[in-house]
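K.L.:
Sequence plus the predicted model coming up.
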Amino acid sequence: MNIRKNLTENITAIEHLLPLEKSFDLIGRSFDIGDTPAYLLFVDGFAKDDIMVHVLKELQGTKPEIPKTAPELLLKRIPYIETSQTDDLIHGVDMVLCGQLFLLIDGAQQGVLIDAREYPVRSPSESHIEKVTRGPRDDLVETIVFNTALIRRRIRDRALTFEMHTIGSSSKTDVAVGYIGSLVDSHLLDLVRSRLQSINVPALTMGEKSLEELLMKKKWYNPLPRFRFSERPDTIAAHLLEGHIILLVDTSPTALILPTSVFYFTQYIEDYYQNPLVGTITRFLRFGATLVATFAVPLYLLLCMYGKPTWLSFLIPPPNQIGSIPLFLQLILLELGLEGLKMSSLHTPQNLEAAFSIIGGLILGDFAVTIGILCTQSIFLSVSSAVANHCVPNPEMGGAVRIFRWLLLILSGLLGIWGFAAGCAALLILLLTTRTFDGRMRYLWPLLPFNGKALAHLLFRYPAASVRDRRRNK
């Protein structure tokens, strides 16, 4: 809808587009610029009051003989940098709902957009998920402009680019695509752009999680994550320098990083704030914890069912101490109980959380052993697997590991060693057939296809002096 020269007609059209009289926070203000009528539309709470007052003071002081067209107002009379003009009335109204000021002038077929928006925002603080012993304590916030500034503070490369897209017919959510032009894969970048443009939904209700599911529709039976999430600007900057692409969603303090393979989920920013040797050892311990979290409980069940080596006799309970229910059901109940404790801790008030965890973990476990429902060995193995599961630094990959453990445990309990073998085969096939976002890179890259140099960089924590900007090999 084009803006008309008659201001009254434009105001009438705006009143049909917006519920100005019903919604208290939508404000339209009529005033004069010299001897010419003008109209200012904005959302209360989004506009910066001091900037709005300054602009109005400057415009209302305009002399009658000064021309009042939009281009000349932008050039001579509006003392603000972030301004633009539009001849589309609907576009102007949409920008108002995004927080901008929309100025219409009688006799002009262009409107002026003044980006004086100010969203409610919290200060950057340390991430609760990606904690470090040493290092910066700032993380992303819910305002996309602040997040791009945190990243640009770390990367001052002239080729660093943030492309803005708008997704959602109702929410009109801002989504920024970040990349370094000299390092990014152009085919992957074009694919991201095309998929963003093809999204047709009312809103991104769950922020970056909704965007992830819309960008890549996965099979329901495949829990392996295809994107890496991060709240830390230093982690995001490191991936950008390796040629990755990031996606920032307004109102979300988390960035999506793509493409990624299974080995990227074993890396953690803490490795790079430690000595290279310490970081390498920690990384291998994390590999071991992932294996323990996946295979320890099913293997323990098979050990008790089929083999009883003397050197592991301390893990195998005597028949009179197994408990009143079969060992397989004990392990299932323990998995369900640990999940219940974790979910309940999320909903427990913070001042009661520590006490509740002690009650749930110690007292209930002790009662279960005392009355003969569970044996101490099964509790030990289940808790050890749960601790190892939390050593996986990525929550999405940790959830996938947990599902794989349940699958192997159920198959082992029902079908014995053949069930365990079938579960391992299914897991291997899933890893071999899963591909990354663009479909060209395998999920096991750089192990398959083999790239020794890239694999070494993922397995070992190299000193900073040996790490150079490099294009990510496919």
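P.N.:
Arrived safely, thanks for sending.
K.L.:
Find me the pLDDT at the residue nearest to Phe295 when sequence neighbours are not counted, would you?
P.N.:
Closest residue to Phe295 apart from its sequence neighbours, by Cβ to Cβ, 6 or more residues apart in numbering: Leu408 at 6.9 Å. Placement of C-beta: from N, CA and C, glycine included. pLDDT, Leu408: 95.
K.L.:
OK, contacts around Leu408?
P.N.:
Neighbouring residues of Leu408 by Cβ atoms under 8 Å, 6 or more residues apart in numbering: 294-295, 297-298, 420, 423-424, 427.
K.L.:
Next one: it from Leu291, what distance?
P.N.:
Distance from Leu408 to Leu291, counting by Cβ to Cβ, to the nearest Å: 12 Å.
K.L.:
Where does pLDDT dip in the stretch 1-150 of the chain?
P.N.:
Within the stretch 1-150 of the chain, the ranges that satisfy pLDDT under 70 run 62-76, 120.
K.L.:
Sketch out the strands for it, chain order is fine.
P.N.:
With strands called from DSSP state E, counting those that start in this stretch, the stretch 1-150 of the chain shows them at 26-33, 36-43, 83-86, 101-105, 111-114.
K.L.:
so which of these gets nearest Gln60?
P.N.:
Comparing those against Gln60 with Cβ to Cβ, the closest turns out to be strand 26-33 (6.2 Å).
K.L.:
can you map out the strands along the stretch 151-300 of the chain?
P.N.:
160-167, 173-180, 228-230, 245-249, 255-258.
K.L.:
would you list those in JSON lines and tack on mean neighbour count, mean pLDDT and distance to Phe450?
P.N.:
Putting the strands of the stretch 151-300 of the chain into JSON lines (neighbours: other Cβ atoms under 10 Å; pLDDT from 0 to 100; distance: least, Cβ to Cβ, whole Å) gives the following:
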{"stretch": "strand 160-167", "mean neighbour count": "16", "mean pLDDT": "93", "distance to Phe450": "32"}
{"stretch": "strand 173-180", "mean neighbour count": "21", "mean pLDDT": "94", "distance to Phe450": "27"}
{"stretch": "strand 228-230", "mean neighbour count": "22", "mean pLDDT": "92", "distance to Phe450": "22"}
{"stretch": "strand 245-249", "mean neighbour count": "23", "mean pLDDT": "96", "distance to Phe450": "24"}
{"stretch": "strand 255-258", "mean neighbour count": "23", "mean pLDDT": "94", "distance to Phe450": "22"}
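K.L.:
is it true that Leu191 touches Asp438?
P.N.:
Yes: contact between Leu191 and Asp438 holds when scored by Cβ atoms under 8 Å: they sit 5.4 Å apart.
K.L.:
domains for this protein, by residue range?
P.N.:
7-114, 144-260, 271-453 (automatic domain parsing).
K.L.:
Looking at those domains, spot the one closest to Glu130.
P.N.:
Nearest of the domains of the chain to Glu130, taken as Cβ to Cβ: domain 144-260 at 5.0 Å.
K.L.:
The closest one spans what distance, first to last residue?
P.N.:
End-to-end distance of domain 144-260: 23 Å, with Cα to Cα, to the nearest Å as the criterion.
K.L.:
and it, how far out from the chain's middle?
P.N.:
9 Å (Cα atoms, centre = their mean, to the nearest Å).
K.L.:
what is the rounded mean pLDDT of the helix or strand encompassing Phe328?
P.N.:
Secondary structure from DSSP states H and E places Phe328 in helix 327-347. For helix 327-347, mean pLDDT is 84.
K.L.:
which helices and strands does it pack with?
P.N.:
Counting contacts by 3 or more Cβ pairs under 8 Å, 6 or more residues apart in numbering; DSSP states H and E, helix 327-347 packs against helix 276-305, helix 350-358, helix 376-389, helix 395-415.
K.L.:
which of the residues in the last one are buried?
P.N.:
When burial is assessed from 16 or more other Cβ atoms under 10 Å, helix 395-415 yields the following buried residues: 396-398, 400-402, 404-413.
K.L.:
Lovely, talk soon.
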